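A.B. asks: Predicted model and sequence follow; I will ask about them next.
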Amino acid sequence: MVRSIELKTEIPGPRSREILARKAAVVASPLEAYLPIVVADGLGATLTDVDGNRFLDFTGGVGCLNVGHSHPHVVEAVQEQAARFLHTDFTIVPYEIYVSVAERLVGLAPFRRPAKAAFFNAGTEAVENAVKFARAYTGRPAVIAFEGGFHGRTLLSLSLTSKTHPYKAGLGPFSPEIYRVPFPYEYRGVTSDDALAALERALITQVAPETVAAIVVEPVQGEGGFVVAPPAFLEGVRALCDRHGIVLVVDEVQTGFGRTGRMFAIEHYDVEPDLITVAKSIAGGLPLSGVLGKAAIMDAPGEGAVGGTYVGNPVALAAAAAVLDVFEDEGLVARAERIGDTIRGRMQEWQRRYAQIGDVRGLGAMLALELVEDAATKQPAPGLASAVAEAAAERGLLLLKAGIHSNCIRVLCPLVISDTEVDEALAVWDEALAAVLA
Ligand code: PLP
């Protein structure tokens with residue numbers, strides 16, 4: 001078998017260590033490196049570091065690389081666009097690629113027509129602008145979000161984000177008119193009914209429904225630990241939004257672009273969103289985000305009320321068009337489903353073997369393990385999650401943690417990964433689990 005992983009030095013190697021030492025002197029400390037390796041090249045599902053070590057990458061740039069590192073079609077589109085023009089500001093001198101990508105995404109998104117799109121740079125901007133659209137449309141101020149949710153790190157989105165350390169502690173005050181209720185988390189005893197009851201109660205005890213502009217929800221909580229919303233929960237939230245004229249914003253920044261085995265995770269549900277936020281894998285690693293939504297809501301803010309110098313950059317949009325081609329040409333949505341089945345099967349095997357694997361969950365290729373000290377107490381085990389990720393990295397597999405307790409390990413591998421590479425990665429993950437848990 002041809003192996004993708006190739007380790008030539010200890011991990012981290014000498015050149016990585018040298019660059020990281022220089023980094024410590026001049027780069028602000030909060031930008032701590034999660035992995036102590038410095039990348040030189042990426043291709044498909046592999047990353048090669050500056051010491052010549054090749055890794056299988058299950059971190060996928062935190063979910064930005066569903067089409068893989070440096071997909072040749074994306075690289076070609078970027079080079080071609082870069083050689084033509086890099087920037088004008090779409091609202092000053094517009095360009096066709098913006099319109100073409102809007103047409104394609106609006107065509108793919110699960111809205112009954114008419115729908116429209118607006119592009120930004122990062123996920124956080126998409127979320128902030130979704131709230132702007134909802135506020136302008138409803139004329140209301142309040143926003144409801146969920147425990148364990150992650151929506152970004154600028155002021156409004158950070159206010160919506162629900163994890164104190166490391167994201168929020170010491171960084172307030174936060175935006176007013178944000179209200180938070182529990183998200184269903186069956187493994188930890190919060191059912192769909194509990195969460196819906198808490199939401200109904202919040203409209204009595206915390207915020208009047210006629211003042212709520214939007215409810216912002218991830219169909220599968222990403223940073224929160226790949227906690228999947230049960231269908232009854234999202235259907236209940238949709239019904240409540242309809243009852244009170246609230247805009248339902250589905251945050252698909254991490255779940256979108258095929259990750260869950262559908263183009264958008266909300267397609268697993270019988271729920272039509274009002275707005276969808278997208279980012280990450282939309283442009284194969286270039287900064288691009290967007291809000292897709294019902295035209296009446298998207299058209300609500302006044303002329304010039306939404307924008308920004310770089311929003312909808314033409315090079316990033318050229319990459320996005322190429323990403324959509326790759327999804328069609330390589331059948332990546334169906335591929336996510338198949339990869340997911342393989343990985344889930346192996347995770348369930350591990351769960352039977354190790355009591356410290358409390359839960360295996362996810363949708364499609366968006367899968368995670370939750371590690372606990374003990375199956376009965378379910379006490380979160382962040383130390384075990386770190387130890388497994390470290391043991392895997394030393395063996396050539398890059399794994400990313402998640403969860404409000406940082407005790408989950410999530411799969412965000414490129415969907416272009418081959419079956420052989422999936423097998424190789426799972427064999428290494430198996431060894432890492434045995435080294436830490438056995
Ligand atoms: N929304 C969700 C669901 C996310 O997972 C993230 C990032 O992880 C964001 C929003 C923020 O995106 P960005 O980091 O591009 O600002």
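C.D. replies: Thanks, I have the structure now. Residues are numbered from 1 along each chain as shown.

A.B. asks: So which residues on the stretch 201-350 of the chain come close to the ligand?
C.D. replies: 218, 222, 223, 251, 253, 254, 279 (CB under 6 Å from any ligand atom). In short, each C-beta sits where N, CA and C put it, glycine included.

A.B. asks: list the contacts for the second one?
C.D. replies: In other words, residue 222. Residue 222 makes contacts with 63, 150, 253, 254, 255, 402, 410, as judged by CB atoms under 8 Å, 6 or more residues apart in numbering.

A.B. asks: which stretches of this structure form helices?
C.D. replies: Taking DSSP state H, the helices of the chain run over residues 14-26, 60-63, 72-84, 96-108, 123-138, 155-160, 192-205, 231-244, 295-298, 314-330, 332-353, 382-394, 419-437.

A.B. asks: quick one, which of these is packed in tightest?
C.D. replies: Stretch with highest mean neighbour count among the helices of the chain: helix 123-138 (a mean of 25; mean count of other CB atoms under 10 Å).

A.B. asks: tell me the domain ranges of this protein?
C.D. replies: Listed domain ranges for the chain are 14-57+332-437, 73-330 (source: automatic domain parsing).

A.B. asks: now these as TSV including mean pLDDT?
C.D. replies: TSV is the format used below for the domains of the chain (pLDDT from 0 to 100):
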stretch	mean pLDDT
domain 14-57+332-437	97
domain 73-330	98
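
A.B. asks: For the residue of the stretch 51-200 of the chain found nearest the ligand, give its distance to residue 251.
C.D. replies: Relative to the ligand, the nearest point of the stretch 51-200 of the chain is residue 123 (2.2 Å; CB to the nearest ligand atom). Distance, residue 123 to residue 251, using CB to CB, to the nearest Å: 8 Å.

A.B. asks: what do the two both touch?
C.D. replies: 151, 277.

A.B. asks: picking that back up, measure the residue of the stretch 51-200 of the chain closest to the ligand to residue 194 for me?
C.D. replies: 28 Å.

A.B. asks: For residue 43, name its beta-bridge partners.
C.D. replies: Beta-bridge pairing for residue 43 (DSSP bridges): residue 46.

A.B. asks: Can you name the residues that contact it?
C.D. replies: 68, 69, 70.

A.B. asks: what's the closest non-adjacent residue to the residue nearest the centre of the chain?
C.D. replies: For the chain, the residue nearest the mean C-alpha position is residue 254 (1.8 Å; CA atoms, centre = their mean). Spatial nearest neighbour of residue 254, chain neighbours left out: residue 222 (3.3 Å); criterion: CB to CB, 6 or more residues apart in numbering.

A.B. asks: ok, residues contacting stretch 303-319?
C.D. replies: 74, 77-78, 80-82, 85-91, 95, 97-98, 101, 118-121, 125, 129, 132-133, 136, 283-288, 290.

A.B. asks: Hmm, I typed the wrong one, I wanted stretch 196-207.
C.D. replies: The contact list for stretch 196-207 (CB under 8 Å, 6+ apart) reads 142, 144, 177, 179, 181-182, 209, 212, 232-233, 236-237, 240, 244.

A.B. asks: ok, so of those, who is nearest residue 375?
C.D. replies: residue 182 (23.2 Å; CB to CB).

A.B. asks: got the contact list for the closest one?
C.D. replies: Contacts of residue 182 were listed using CB under 8 Å, 6+ apart, and they are 146, 147, 190, 194, 195, 198.

A.B. asks: what are the phi and psi values for the residue nearest to residue 254?
C.D. replies: Dihedral pair for residue 222: phi -80, psi -80, per degrees, to the nearest 10.

A.B. asks: what does the one 3 residues further on give?
C.D. replies: Backbone torsions of residue 225, given as degrees, to the nearest 10, read phi 110, psi 30.

A.B. asks: Tell me, how many residues neighbour it?
C.D. replies: 29 (other CB atoms under 10 Å).

A.B. asks: ok, for it, nearest residue in space, not its chain neighbours?
C.D. replies: residue 403 (3.2 Å).

A.B. asks: pretty sure that neighbour contacts residue 188?
C.D. replies: No: Residue 403 lies out of contact with residue 188 (CB atoms under 8 Å); the separation is 10.6 Å.

A.B. asks: got the contact list for the closest residue to residue 114 other than its chain neighbours?
C.D. replies: In space, and not counting its chain neighbours, residue 114 is closest to residue 295: 4.2 Å by CB to CB, 6+ apart. Going by CB under 8 Å, 6+ apart, residue 295 touches 114, 115, 116.

A.B. asks: Alongside the ligand, which residues does the stretch 1-150 of the chain contribute?
C.D. replies: Contact residues (CB under 6 Å from any ligand atom) of the stretch 1-150 of the chain with the ligand: 62, 122, 123, 124, 127, 150.

A.B. asks: of all the residues you listed, which two lie farthest apart?
C.D. replies: 62 and 127 (15.6 Å).

A.B. asks: Now do the residue nearest to residue 254 against residue 387, distance only.
C.D. replies: Taking CB to CB, one finds residue 222 at 23 Å from residue 387.
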